[in-house]
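**Q** For reference, the sequence and a predicted model appear below.
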Amino acid sequence: MKLNCKHVWEYISEYIDGSVDAKLRADIERHLEHCEICSAILDSTRNILVLTADDRTFELPVGYSKRLHERLKEEIGKSQQEPPGGDAK
């Protein structure tokens, strides 16, 4: 099965936890080999997990939350416009 970005995003947490079955893991890994966006999302998600496990407090830059929400809205809008079975790249 060829996964698109939206499918990968749905399973990213389970992929990191190792709770996806072997077939889905292989499909996700095949997609990650060629998709810079999903690879970046995977890296970012892993970094978030490391940071949230850290007891230290970090100050976010001014405007970060607004920029994050704008970018998420933009990416979600792109993924909703893609044809079924297409790739969000």
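**A** Perfect, I can see it now. Numbering: from 1, shown residues only.
**Q** which phi and psi does Leu3 have?
**A** phi -90, psi 150 (degrees, to the nearest 10).
**Q** Surely Cys38 and Trp9 touch.
**A** Yes. Using Cβ atoms under 8 Å, Cys38 and Trp9 qualify as a contacting pair, with a distance of 7.3 Å. All C-beta atoms are positioned from the backbone trio N, CA, C, and that covers glycine.
**Q** okay, and for this structure, where does confidence drop off?
**A** Counting by pLDDT under 70, the chain contains low-confidence ranges at 1, 82-89.
**Q** so where do the helices sit in it?
**A** Along the chain, counting by DSSP state H, helices occupy 5-17, 22-34, 36-53, 64-81.
**Q** deepest of these, which one?
**A** Of these, the one with the most neighbours on average (mean count of other Cβ atoms under 10 Å) is helix 5-17, at a mean of 16.
**Q** Who are the packing partners of that one?
**A** Counting by 3 or more Cβ pairs under 8 Å, 6 or more residues apart in numbering; DSSP states H and E, the packing neighbours recorded for helix 5-17 are helix 22-34, helix 36-53, helix 64-81.
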